[in-house]
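>>> model this:
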Amino acid sequence: MYPDFSFAGEAKVIPFHNLNGVIANQFRITRNHAHVKNIYHQHDYFQIWYMEYGSCVHHLNGFDFSQSTGDMIIVPPYLGHYLNTSGSGNFELVCVEFSEHFIDSAAADINKSSLFNLIYLKPLLDYSQEGNPILHFDGLDADNITHVLNDLFDEYIRQDQFFTTLVRADMTKLLTFIVRQFESRRSMDGDRIFAQYRASIQEALRYIDENFTQKIYLNDVCKKALMSTSAFSSIFKNITGKTLVEYLNYLRVLRAKDLLIQTDKSVLEIGLDCGFRDAVNFSRVFKKITGHQPTTYRKIFTMGEPSSL
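Purely as a prediction, here's the structure:
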C-alpha cells in the first residue's frame, strides 16, 4: 500500500507524489482488499479511511482502534499511524487522500471553522487516551457515504475534462456528511456526560446554592462531587455553560438585586453580604452581568424599569 520506508525514531513522513498544482495530483482514492501491516509513518496530506465491510486495526499516535463496517477515521497531516489488516477476514477499506490546498478548495462553500474543528481539533489532534477518533455511519448515513465514495472513485478512474469540478463537488458533499455526523456525535456525547455525572454535579450545585454568599474554593466543591478539579471544571462547564466563578457570580448578583430593591443597605454591605470581597469587585461584576452599576440599578428599579437579567 505504501513504499517500504526504513526509519529509526520518529515516523517517516511520506509525501504526496507529483504535487505540481494540478488538482488530479492532489487527490486520489483507492479501494483496499489486501492483507497488510504498514510501518509506522506520517503523511503531509489528509487521509479518510472508511470501512465499507469487514474490520481491521488502525494504530494512531500510540493507540490501537478497531475499525469495523461503517467506521471512518480521518488522519490529518503529520499524525503517526499504521494499518494492520493481517488478522482480518474479507474486507473493503476505502482511502481518500488529498492535500491541504485541495481541502481548502473543496470546502469553499461550507463552514470552514466547523470543518477544521472536525479535522484538526476534535477527532484526532485533541483526542486523549480515552478519546475515540472513529465516526460511525449506518442506515441512510452509511448509504450516503458509500454513494459519494463510489462517485469519487468513478471520477478518479475517468479523469476527463470535468474531473476537477465533479471531484470538488463530491468532496464538499463528503465533508458535509462528516461534519453533520461529528456534530451529532458531539451532541450525544454531551447527553451521556450529563447522565453519567448527574448525581455528582447536582451535589455540587446543592453545595454552591447553600453557600454561595461565603468564600467557596474549587477544591471544596470537587470534594462534594467526588471528582478531580480538572474533571469537575470541564464537566461543570459542559453542563451549565459557565465556569464555577461565573456561576457563583451569577448567583451572587441575583441575590444582590433583591437586596438592592428590598433593603436600605449600602452597596458595600450588600456586596459583602452576597460574597464579594469589596465594593469595587462587587460593582465591576454587577455591571458586567446586568449592564448597570448597583446604585444605578437601584434607581432604575424605583423608577419602574424592569431588569433584563
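>>> identify the bridge partners of the closest residue to residue 85 other than its chain neighbours.
Distance criterion C-beta to C-beta, 6 or more residues apart in numbering; nearest residue to residue 85, sequence neighbours excluded, is residue 56 at 4.2 Å. Where you see a C-beta, it was placed from the backbone N, CA and C, and this is true even at glycine. Taking DSSP bridges as the rule, residue 56 bridges to residue 67.
>>> neighbours of residue 56, how many?
23 (other C-beta atoms under 10 Å).
>>> so where's the stretch 201-309 of the chain uncertain?
Residue ranges of the stretch 201-309 of the chain with pLDDT under 70: 302-309.
>>> which residues in it form strands?
Counting by DSSP state E, counting those that start in this stretch, the stretch 201-309 of the chain forms no strands at all.
>>> how near is the residue lying closest to residue 279 once chain neighbours are set aside to residue 213?
Using C-beta to C-beta, 6+ apart and skipping the chain neighbours, the partner closest in space to residue 279 is residue 268 (4.5 Å). Using C-beta to C-beta, to the nearest Å, residue 268 is found at 15 Å from residue 213.
>>> which residue ranges of the stretch 151-300 of the chain form helices?
For the stretch 151-300 of the chain, applying DSSP state H, counting those that start in this stretch gives helices covering 163-211, 218-225, 229-240, 244-262, 267-273, 279-290, 294-302.
>>> how about those in a markdown table, adding mean neighbour count and distance to residue 35?
Conversion of the helices of the stretch 151-300 of the chain to a markdown table gives the following (neighbours: other C-beta atoms under 10 Å; distance: least, C-beta to C-beta, whole Å):
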| stretch | mean neighbour count | distance to residue 35 |
| --- | --- | --- |
| helix 163-211 | 15 | 27 |
| helix 218-225 | 16 | 49 |
| helix 229-240 | 16 | 41 |
| helix 244-262 | 17 | 52 |
| helix 267-273 | 18 | 71 |
| helix 279-290 | 17 | 62 |
| helix 294-302 | 16 | 72 |
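>>> residue 26: which of those is closest?
helix 163-211 (9.8 Å; C-beta to C-beta).
>>> show me what that closest one is packed against.
strand 92-98, helix 100-106, helix 112-116, strand 134-136, helix 139-158, helix 218-225, helix 229-240, helix 244-262 (3 or more C-beta pairs under 8 Å, 6 or more residues apart in numbering; DSSP states H and E).
>>> now render these as TSV, adding distance to residue 300.
Formatted as TSV, the helices and strands packed on helix 163-211 follow (distance: least, C-beta to C-beta, whole Å):
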stretch	distance to residue 300
strand 92-98	58
helix 100-106	51
helix 112-116	39
strand 134-136	51
helix 139-158	53
helix 218-225	34
helix 229-240	28
helix 244-262	10
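>>> and residue 32, which of those is closest to it?
That would be strand 92-98 among these, by C-beta to C-beta, at 4.5 Å.
>>> mind listing what's buried along that closest one?
93-98 (16 or more other C-beta atoms under 10 Å).
>>> between those residues, which is nearest residue 86?
Once C-beta to C-beta is applied, the member of those that ends up nearest residue 86 is residue 93, at 13.0 Å.
>>> skipping adjacent residues, who's closest to the closest one in space?
In this structure, residue 93 finds its nearest non-sequential neighbour in residue 32, 4.5 Å apart by C-beta to C-beta, 6+ apart.
>>> and for residue 73?
Nearest to residue 73 is residue 49, by C-beta to C-beta, 6+ apart, at 4.7 Å.
>>> next, the distance between the ends of stretch 63-78.
Its first and final residues considered, stretch 63-78 spans 16 Å by C-alpha to C-alpha, to the nearest Å.
>>> gap between that stretch and the chain center?
16 Å (C-alpha atoms, centre = their mean, to the nearest Å).
>>> for the residue lying closest to residue 235 once chain neighbours are set aside, which residues are in contact?
Residue nearest to residue 235 in three dimensions, not counting chain neighbours: residue 197, with 5.2 Å by C-beta to C-beta, 6+ apart. The neighbours of residue 197, taking C-beta atoms under 8 Å, 6 or more residues apart in numbering as the test, are 225, 227, 235, 239.
>>> hang on, isn't the first one packed against residue 201?
So the one you mean is residue 225. Yes - using C-beta atoms under 8 Å, residue 225 is in contact with residue 201, at 6.6 Å.
>>> so who does the nearest residue to residue 206 once chain neighbours are set aside touch?
Take residue 206 and drop its neighbours on the chain: the residue closest to it by C-beta to C-beta, 6+ apart is residue 224, 8.0 Å away. Taking C-beta under 8 Å, 6+ apart, we find residue 224 in contact with 203-204, 206-207.
>>> again, only using 6 Å
Residue 224 makes contacts with 203-204, 207, as judged by C-beta atoms under 6 Å, 6 or more residues apart in numbering.
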